[in-house]
Structure formats: C-alpha cells, structure tokens
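Asker: sequence and computational prediction follow.
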Amino acid sequence: MNEETVAAAAEAAPPIGQDEARLILREALGMSGADATEAVLEARRESLTRFANNEIHQNVTSLRQVLTLRAIVGRRVGLATTERLDSSGLAQAADRALAMARLAPEDPGRPDLAPPAACAPLEAFVPATAASTPEERAAAVGPVMEAAAARGLNSAGALSAASGTFAVANTRGLFAWQPETYARFTCTVRAEDSSGWVDRHRRDVRALETAVLGETAIRKALDSRGPAAIEPGAWTVVLEPAAVAELVAFLGTLGLGAQSEQEGRSFLSGRLGQKITGERVTLADDAWDPSAFGRPFDYEGTPRRKVELIAQGVARAVVHDRRTAKKAGVESTGHATVPPATDGPLPFNLVLAGGDRSLEQLVASVERGILVTRFWYNRVVDPRRTLVTGMTRDGTFLIERGRVTRGVRNLRFNESVLGVLERAEAFGRDAEPTVFDFSGSCVVAPALLVRDFRFTGASPF
C-alpha cells in the first residue's frame, strides 16, 4: 500500500486499537508497586467543520488520549492521570498514584476491583465516521449555507465526526475494550427578529441528512418572524424531543444514581416502589437502545445492565457502581463514572418510552397552546422536588385550533420534571437522542404533550 492508502486506513480505525490498548494497559499495571491497580484508557479523535455568516471558517482535527491509574494500598487509594502513553509517562503516573495512595486516608467503603467478566458486544464503530474528511463535511454543510443565504438568513453551526477508544484493565486480570464513533450536526439560522435551530446525533455521519435538517432550521426561523407577546401562565405545550431531553437529563443527576439515594439527597430517597409520575411514563437506562450512545461496560470494567428506573410511573430502581452496590448488598449495574467518581454512579443512556403519535398529530390535538423547539440556560431550583428553570429558544410557536399559527416571544419556565411527566397526556412515536457535551450522557426522548406547563415570565425577544 502507498502512504496515502495507509493514512486513510489509519483514519478509518479507532485511535487506539485493541492490541495496542492491551499493551499500554499491561505496561502501566506492571509498573505499579501497589497491592492492586486499575487503569482506564480513553482516546478521542475529533474532526470539526464550523461555519458562521453562511461561510465555513474552521476545519480542525484534534486527538486527546488520557490514562488514569487507581492504585490501592490496603484500604487507601491514590489516583494519577497522564496524557503521555510512552514508558516514561506511564512510569511517572504509576509512581504518583502509589505516592498518593500512601498519603491518603483509609477508605473503609472501598470495594474490591472488578473481576474479569464477559461483555455483550455493542456495535458502536462506523469507519465512515472515523474517516470523515474536510471535503466531505464541506459538501454536507454547503447546501445549508446556500439555502439560508438565498432567503436572506444567516446560518451558523458545526458538523463534527469523532472516533474513540475506551478500555479498562486491572490486576485481577480484567481487560475490556470498546471502539466507538459519534457524529453531530447543529445549526442555528437567524432572521432579524427570529431564529430556528436543529441538532442531531448519530454514530454514522452519513445518517445526518444535513440539507433536510438545515431546511427545518430555516423554516423555523421564517415561521417565527415577528414574534407576538403572550401572557405567561399555565399553558398546554407540545415539547419537541430536544426540549424533553433537557428536562429528563436532570433526573439522572438529581437522583437516579445510588449514591445520592443512599445519602438521602435524591428525589427517590424513601420513594422506591411508589408512584412518582404518570402511568404512561417508563424510563430506563439502556446502553443497547439502537438510538443511544452507550458503552458495554463502565469505568470499573463492569458490564452494563439495562435498568428500568421508572415503570408505568412507579420508581423501581437506581443505578449502581461497585461501591454503592457493596453498601446496598447488591451487584453493580455497571454505571461507575470516571475516577475518582465523586458523584457516584449515574445513568448514561436514559431512554424515555414513546407513544404512537407523530409530532403533527400532537399539535393537531391542541386547541390552544405552545410548541417548544428547545430549552436553554436551564438551572436547578430545588433538587428534591426536581424543580428547574430555563428559557425557550430558537422556535417558540402559538398553536391555535390544532395548527401552528405564528411565532411568540420566548418564555421563562419554572417546572418540576416529575410534575411534567405526571401531566404528560400524549407521547410522540419518534424519539431522538441528545448527547450532552458536559457529561457525555445521552437521553433518548420523544415529543410530549403536557397540560398546565408553568411559564413564569416573558422575554422581549
């Protein structure tokens, strides 16, 4: 093969292959002088084409690789990370982790390292995404910019394509490796007094129909021009999947992990087995859902399990890592977070079960209400009540007699997420995944029709 062919093959492969990952982790473990050691390796190669003012202004590719060592000496634990994967870098990280362990206080709740275990395979790697070129991405976003410019609108956004390697090993003989890819197209289209937005996430960059998605953002910007002011209050709303995902994501951090439930901070504390939402609601953490972006094992190397968290409105379970499982006398569900895991176990792939109606059918069933594209600037007000606040953005519309009639100015909401799920009367059939950059977690959600959604204020735009 010539040099170009070799380079192309390398770009279509994971950043670190299985054999190389095994060698790196074996070497790192072998350099540790601790009683027991765990090593986590993550690598991510990401290519990004960014555009603004209807022009591409950035094409970049970055590679980041991090190895985390957790050294155990008796009941003491030390942690060290390095971005150097050569022998010298690994040796320095091993020495630092051991030194930290010797200085750390004893940890009576420390669980043993995970034993080797077979993981069900998860097809998460698409070579076409890993090999995405600037020319291909430019060809994908070009029609969006041209269509926006032709209508006198301004488009901005990005098309990204990433490939990753995730691997865990420990001195009990465990080794687990997973390659993965991720692609995202996000686009905001602006007019003088309105905007439209779209955001899609896929494993396969070719599945992002950018021209079609761009037309959606353009249509929202055009249809919401000259937004009207409406009075805040309790409204019937149709929430598009991205808006639903923003709300549901809060449940993961506010109480679906065992640590917060055991410490009494969770909205689920003392409520397992009780009805907490409407009967239509079933929420699971499922890494194997075809729309999700899951991994087959966690940061301790434990295989992930599908966990039904809420079933027909009843709180059924929380997710566990090895520490919380030891405390509860159960087995880990495979939801350990990145070391040092101060937040405890968390769900990474929340999937809200859908219904049988299209978005258009949900809108058609509303006599008078509001269609919300998405929420932003969301913040927690009361964790135990799952009370959050935020704003609508990039396409908020009035619904009258089952039809979207005009754009309205953005509104501030103040709502309980559990309350929204209690009052949800109809569920869309088409679910979309949203991946949150700050946490790496994914929420797969359908559209919802919700009565008495509380808006508390209006914006001037």
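Answerer: Great, that's in hand. Just so it is clear, the model here is predicted, and its values are computed rather than measured.
Asker: residue ranges of the strands in the stretch 1-150 of the chain, please?
Answerer: Ranges of strands in the stretch 1-150 of the chain, per DSSP state E, counting those that start in this stretch, are 36-52, 55-73, 76-82.
Asker: ok, the stretch 201-350 of the chain next?
Answerer: Counting by DSSP E, counting those that start in this stretch, the stretch 201-350 of the chain has strands at residues 233-239, 283-285, 307-311, 314-315, 349-352.
Asker: let me know which of the ones you listed is the nearest to Gly157.
Answerer: Gly157 sits nearest to strand 233-239 of all the strands of the stretch 201-350 of the chain, at 22.1 Å, using Cβ to Cβ. For every residue, glycine as well, the C-beta is placed using N, CA and C.
Asker: report the rounded mean pLDDT for the closest one.
Answerer: Averaging pLDDT along strand 233-239 gives 98.
Asker: how far off centre is it?
Answerer: For strand 233-239, the separation from the chain centroid amounts to 26 Å (computed by Cα atoms, centre = their mean, to the nearest Å).
Asker: what about Ser163, how many residues nearby?
Answerer: If you count neighbours by other Cβ atoms under 10 Å, Ser163 ends up with 27.
Asker: how close does the residue lying closest to Ser163 once chain neighbours are set aside sit to Arg304?
Answerer: Spatial nearest neighbour of Ser163, excluding adjacent residues (Cβ to Cβ, 6 or more residues apart in numbering): Ala130 at 3.7 Å. Applying Cβ to Cβ, to the nearest Å, the value for Ala130 to Arg304 is 23 Å.
Asker: likewise Leu411?
Answerer: From Leu411 to Arg304 the distance is 38 Å (Cβ to Cβ).
Asker: next one: Arg374
Answerer: In terms of Cβ to Cβ, Arg374 sits 28 Å off from Arg304.
Asker: likewise Glu215?
Answerer: According to Cβ to Cβ, Glu215 stands 37 Å off from Arg304.
Asker: just want to know which of those two has more residues nearby.
Answerer: Between Glu215 and Arg304, counting by other Cβ under 10 Å, Arg304 is the more crowded of the two (25 against 18).
Asker: now do the contacts for the more buried one.
Answerer: With contacts defined as Cβ atoms under 8 Å, 6 or more residues apart in numbering, Arg304 is in contact with Cys119, Ala287, Gly294, Arg295, Pro296, Phe297, Asp298, Thr333, Gly334, His335.
Asker: any chance you could map the helices in this structure?
Answerer: Ranges of helices in the chain, per DSSP state H, are 3-11, 18-30, 87-103, 127-130, 134-150, 210-223, 241-255, 258-262, 322-328, 359-364, 417-423.
Asker: Arg64 pairs with what?
Answerer: Here Arg64 sits in beta bridges with Arg44, as judged by DSSP bridges.
Asker: burial count for it?
Answerer: As a burial measure, Arg64 scores 12 neighbours (other Cβ under 10 Å).
Asker: contacts only, for Ala311.
Answerer: For Ala311, the contact set (Cβ under 8 Å, 6+ apart) comprises Thr282.
Asker: what pLDDT does it get?
Answerer: So, for Ala311, pLDDT stands at 98.
Asker: what's the spacing between it and Thr253?
Answerer: Here Ala311 is placed at a distance of 21 Å from Thr253 (Cβ to Cβ).
Asker: pLDDT weak spots in the chain?
Answerer: Applying pLDDT under 70 to the chain picks out residues 1-10, 438.
Asker: run the last query once more with 80
Answerer: 1-11, 438-439 (pLDDT under 80).
Asker: spatially nearest residue to Glu27 (excluding sequence neighbours)?
Answerer: In space, and not counting its chain neighbours, Glu27 is closest to Leu90: 5.7 Å by Cβ to Cβ, 6+ apart.
Asker: confirm for me that the one you found is in contact with Ile24.
Answerer: Yes: here Leu90 reaches Ile24: they are 7.4 Å apart, a contact under Cβ atoms under 8 Å.
Asker: intersection of neighbour lists for those two?
Answerer: Counting by Cβ under 8 Å, 6+ apart, the shared contacts of Leu90 and Ile24 are Leu67.
Asker: show me the contacts for Ala39.
Answerer: Here Ala39 is in contact with Leu25, Ala28, Leu29, Leu67, Thr68, Leu69, Arg70, Val168, Ala169, Asn170 (Cβ under 8 Å, 6+ apart).
Asker: the last one contacts Asp35, correct?
Answerer: The reference is to Asn170. No: the criterion here is Cβ under 8 Å, and Asn170 misses it with Asp35 at 11.8 Å.
Asker: these two: who's more crowded?
Answerer: Neighbours were counted for Asn170 and for Asp35 using other Cβ under 10 Å; Asn170 has more, 24 against 14.
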